[in-house]
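Asks: have a look at this prediction, sequence included:
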Amino acid sequence: AVMQKKRSVFSLAEYGPQEQQADHRSEFYQGEMFAMAGGTATHNLIALTVAASLRSALRGKQCKAFMADMRLLVKRRQLYTYPDVMVVCGSLRYAPGRNDTVTNPVLIVEVLSPSTEAYDRGKKFEFYRTIDSLQEYILVDQARMYVERHRPLGLGRWEMTAFENPDDVLALTSVGVDLTLAGIYEGVELES
């Protein structure tokens, strides 16, 4: 999704009411709100496919998949954001006083957009790495068949594995689900 700065500076107390009254979602960090514009059809299709595949595979398990309308609070950075897809296992841990903002995902998936790729790979990933529960971070390119899986190794180190062939299997060990790249990109017209 595309982000654009809306206005500074808000207090955290102002963010909640502002967000509820707006007709769009906004990320909140260090007193600033960033409007999140809608993504492309390709972005939406990939995110929906991944979320639906996870929802189906997790049926009957203690894990739940959410799409971009469920907000995430990265507590150590006080970042409020909307991952494209995330999975929480066990009990949902909510932000104080909220039932629409979770704090304990085990898996986060972001579909890369040209305008947010550097942020998703850089600062946002830095923030996500502070989430104790997070076991996997997945980046999906929407322009070509290319997926990265990032897993923590401990002591601040993360392992990256790249996938780029239709038959490649993305083994999501955090939730015990395997996805093929062909499945992730089903119905998507790629640029290259």
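Replies: Ah, there it is.
Asks: show me where this structure has its strands.
Replies: 2-8, 25-29, 32-37, 63-67, 71-74, 79-81, 85-89, 101-102, 107-112, 136-141, 147-154, 157-163, 169-172, 177-180 (DSSP state E).
Asks: state the distance from the most centrally placed residue in the chain to V111.
Replies: Centroid-nearest residue in the chain, with Cα atoms, centre = their mean: P83, separated by 2.7 Å. Distance, P83 to V111, using Cβ to Cβ, to the nearest Å: 10 Å. Where you see a C-beta, it was placed from the backbone N, CA and C, and this is true even at glycine.
Asks: what's the answer for E159, then?
Replies: For E159, the distance to V111 - Cβ to Cβ - is 21 Å.
Asks: so if I had to pick from those two, which one is more boxed in?
Replies: V111 (28 against 9; other Cβ atoms under 10 Å).
Asks: tell me what the more buried one is bridged to.
Replies: Judged by DSSP bridges, the bridge partners of V111 are V140.
Asks: pretty sure it sits against L45.
Replies: No: the criterion here is Cβ atoms under 8 Å, and V111 misses it with L45 at 9.2 Å.
Asks: longest single helix anywhere in this structure?
Replies: In the chain, assigned by DSSP state H, the helix with the most residues is helix 41-57.
Asks: please consider this matter closed, and thank you.
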